[in-house]
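Participant: What follows is a predicted protein model with its sequence.
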Amino acid sequence: EEQRLLLLQSSSLFAPPEGVKLSYGTAGFRADASILKSTVHRVGILTALRSLKTRSVVGLMITASHNKVTDNGVKIVDPSGGMLSQEWEPFADQLANAETPEALLSLITEFIEKEKIPFDGVQTAEILLGRDTRPSGESLLEAAKQGISSIFGAMAHDLGILTTPQLHWMVRARNKSMAATEPAYFEQISSSFRCLVELIPNETKSNKMDNRVVVDGADGVGGEKLEVLKNMLTGLVIEVRNTGKGGGLLNDGVGADYVQKEKVVPRGFGSNDIGIRCASLDGDADRIVYFTVSDNSSSRIDLVDGDKMLSLFALFIKEQLSILTKEGNENPNNNSQARLGVVQTAYANGASTDYLKQLGLEVIFTPTGVKHLHEKAAQFDIGIYFEANGHGTILFSEFWLSWLEARNNEFSLVSEGSEQQKAALRLLSVSKLINQAVGDALSSLLLVEAILQHKGWSIHKWNKLYQDLPSRQLKVKVVDRTAVTTTNAETIAVSPPGIQEAIDAETAKYSKGRCFIRPSGTEDVIRVYAEASTQESANSLAGSVAKIVD
Ligand code: 16G
Ligand code: ZN
């Protein structure tokens, strides 16, 4: 009874905005920050319930990633460090849209019963809170805290300003009883980077490679954190621009999303940077793309996107695995081939998929959205996933990692310093460097840098792994985006009837033509993606399919 009163009282302070319907989309709730307080308060309540239900530490992150600075958002981090279980998403929607405190209370009561959430006053809940640099973050975080404290036994730990992947990492670490602080995070990724650098073969060490990278911090949290991290590294010089300290506006003409979609340089980059290796983070540092300033026009870029990072990572891992499992070594039992797989979405450039298949890798497709890719990648011993937009990571199964640890220990006894041991150590370092919870721009940056140094490659050499097929993306504003439904990882439209046949007929007119449509998960639009052998034909294919949709 006391609990009910507390919830009613707390909720009456956070009335939902009128006439707005919010939904827990691909990446949590997102909207203009001014209408989000009640939603965040309710997500606070939900996060406490999630912690009670799972009897573990969970997380709550306040961010709107690459969206404009006046937007904000909120999402829940599950005990594994991954996204909130999809089963709970519909309930998040219901909670956010309950009109009165009474309606909210009855929803919660029903849900507690249905989900058998232990509500005995004995079980406690613990929630880690983080936010990006948006000015609205502070008051929204306060709303989240009040939501959490309206559940008896729930405790919030405010960790202040963090990148999204840092919070995911910390939630995962806490539930594994490991140190879950920011210094522990920096220490782990900087020391595993150091290990990879120490294991660079002598042949490439002597290559005079440019060890400088210039990073666009999107005027957000990533730039700020990278300023700290860079001082813990040796053998790599990181120059951070758009750190947010110079008065620049978050995501405004800067950031990975802008650079990838517009294919132009971010603010603060130009003709002085021609030939230099550059990278761009998004507003909460869970995405990164590389680029170079094009030498014919100082505002255009050559983009090195998520697909190319995936390819570089896949190549490196595959090489290390083949050294590790080379035949004729001391140990006849060494026949454990790791199952290595890669996961992409329909947006992956067709040339990247061809390249990966030609490497002999298993390539799987899922619908857009990190939760889908992550789930599939987790089914391999080593699963690599990336969206073209620069979000991705490499997952190592616990089982395979302990096999690898054991192999490494054997090598220490019988063949210390052998090539095989080095390969084992490199793979172990990668598993510590790259965020196991979610895509992380800072750890992806360091892994790219370590691999380029390992191979003695410039960004141009890397970019030549394969040549992107020309592509074009368009969006079509529609009244009802749910009219379009898709199947086969969004590559085929099943409704409205007849539309796929029309797309097929159009696509068939182009050499290397490929085209799909899908409803956006974050905007009221239908997205069109087209690829073909020339830029003109990709543009024209996208254009005619957009007309079909309209
Ligand atoms: C969200 C997703 C991102 C996806 C994008 C697609 C997460 C953390 N983020 O930002 O992975 O690429 O949505 O947006 O899942 P769209 O549905 O509007 O095309
Ligand atoms: Zn982001």
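Facilitator: Perfect, thanks for sending it. Residues are numbered from 1 along each chain as shown. Ligands and ions are numbered 1, 2, ... in the order given.

Participant: Just name the shakiest helix or strand of the protein by mean pLDDT.
Facilitator: Every helix and strand of the chain was ranked by mean pLDDT, DSSP states H and E. The lowest is helix 202-205, at a mean of 79.

Participant: Buried residues of the helix or strand just after that helix, list them for me.
Facilitator: Going down the chain from helix 202-205, the next helix or strand is strand 212-216, by DSSP states H and E. Across strand 212-216, burial judged by 16 or more other CB atoms under 10 Å covers 213-216. All C-beta spots, glycine's among them, are computed from the backbone N, C-alpha and C.

Participant: What's the separation between the closest residue to ligand 2 within the stretch 101-250 of the chain and W457?
Facilitator: Nearest residue of the stretch 101-250 of the chain to ligand 2: T164, at 6.0 Å (CB to the ion). Here T164 is placed at a distance of 29 Å from W457 (CB to CB, to the nearest Å).

Participant: who has more neighbours, these two?
Facilitator: Taking other CB atoms under 10 Å, T164 and W457 do not tie; T164 has more neighbours (31 against 18).

Participant: Show the contacting residues for that one.
Facilitator: By CB atoms under 8 Å, 6 or more residues apart in numbering, T164 lies in contact with 61, 63, 65, 130, 132, 284-286, 438.

Participant: Among those, pick out the one closest to A156, please.
Facilitator: Distances from A156 to the contacts of T164, taken as CB to CB, are shortest for G130 (11.1 Å).

Participant: Against which helices or strands is the helix or strand containing that closest one packed?
Facilitator: Per DSSP H and E: G130 is located in strand 125-131. The contact analysis (3 or more CB pairs under 8 Å, 6 or more residues apart in numbering; DSSP states H and E) places strand 125-131 against helix 37-54, strand 57-62, helix 137-149, strand 154-161, helix 164-175.

Participant: Name the stretch among the ones you listed that sits most buried.
Facilitator: Comparing the helices and strands packed on strand 125-131 by mean neighbour count (mean count of other CB atoms under 10 Å), strand 57-62 ranks first with a mean of 29.

Participant: Neighbouring strands - and their directions - for that one?
Facilitator: Applying DSSP bridges, strand 57-62 is found paired with strand 71-77 (antiparallel), strand 125-131 (parallel).

Participant: for the record, mean pLDDT for the first one?
Facilitator: What strand 71-77 shows for mean pLDDT is 97.

Participant: Likewise for the last one?
Facilitator: pLDDT averaged over strand 125-131 equals 97, rounded to a whole number.

Participant: mind saving the C-alpha coords of it as PDB?
Facilitator: Provided in PDB are the C-alpha atoms of strand 125-131 (Å, rounded to 0.1, in the frame of the first residue of the first chain):
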ATOM      1  CA  ALA A 125      17.400  -3.000  -7.300                       C
ATOM      2  CA  GLU A 126      20.500  -1.200  -8.600                       C
ATOM      3  CA  ILE A 127      20.700   1.100 -11.500                       C
ATOM      4  CA  LEU A 128      23.700   2.800 -13.100                       C
ATOM      5  CA  LEU A 129      22.800   6.100 -14.700                       C
ATOM      6  CA  GLY A 130      24.700   8.000 -17.400                       C
ATOM      7  CA  ARG A 131      24.000  10.900 -19.800                       C
END
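
Participant: ok, which stretches of the stretch 251-400 of the chain are helices?
Facilitator: In the stretch 251-400 of the chain, the segments counted as helices under DSSP state H, counting those that start in this stretch are 256-262, 306-324, 350-358, 370-377, 398-414.

Participant: The residue of the stretch 351-500 of the chain found nearest ligand 1 - how many residues pack around it?
Facilitator: Nearest residue of the stretch 351-500 of the chain to ligand 1: V370, at 3.5 Å (CB to the nearest ligand atom). Neighbour count for V370, taken as other CB under 10 Å: 21.

Participant: now the one 10 residues further on
Facilitator: One way to gauge burial is a neighbour count; for F380, by other CB under 10 Å, it gives 22.

Participant: try A351
Facilitator: Using other CB under 10 Å, A351 has 20 neighbouring residues.

Participant: Can you name the residues that contact the nearest residue to V304 once chain neighbours are set aside?
Facilitator: Of all residues not flanking V304 in the chain, Y290 sits nearest, at 3.8 Å (CB to CB, 6 or more residues apart in numbering). Residues near Y290 by CB under 8 Å, 6+ apart: 277-280, 303-305, 308-309, 448, 459.

Participant: From G220, how far off is Y290?
Facilitator: Computed as CB to CB, the Y290 to G220 distance reads 18 Å.

Participant: cool, and Q123?
Facilitator: Using CB to CB, we find Q123 at a distance of 37 Å from G220.

Participant: Please apply the same query to G392.
Facilitator: 19 Å.

Participant: do Y185 as well
Facilitator: From Y185 across to G220, the span is 17 Å (CB to CB).

Participant: if you count what's nearby, which of those two comes out ahead?
Facilitator: The residue with more neighbours, out of Y185 and G220, is G220; 31 against 25, by other CB under 10 Å.

Participant: Nearest residue to that one in space, ignoring adjacent ones along the chain?
Facilitator: Using CB to CB, 6+ apart and skipping residues adjacent in sequence, the residue nearest G220 is G283, 4.3 Å away.

Participant: what's around the one you found, how many residues?
Facilitator: Counted with other CB under 10 Å, residues neighbouring G283 total 33.

Participant: before we move on, what about V228?
Facilitator: The tally of other residues near V228 (other CB under 10 Å) stands at 12.

Participant: same question, the one 5 residues further on
Facilitator: Applying other CB under 10 Å, we find 17 residues neighbouring L233.

Participant: Would you mind listing what in this structure touches ligand 1?
Facilitator: Contact residues (CB under 6 Å from any ligand atom) of the chain with ligand 1: 26-27, 368-370, 387, 389, 391, 520-523, 527.

Participant: For PyMOL, write the selection for the buried entries among these.
Facilitator: In PyMOL, this line selects whichever of the residues of the chain next to ligand 1 come out buried by 16+ other CB under 10 Å:
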select buried, resi 26+27+368+369+370+387+389+391+520+527
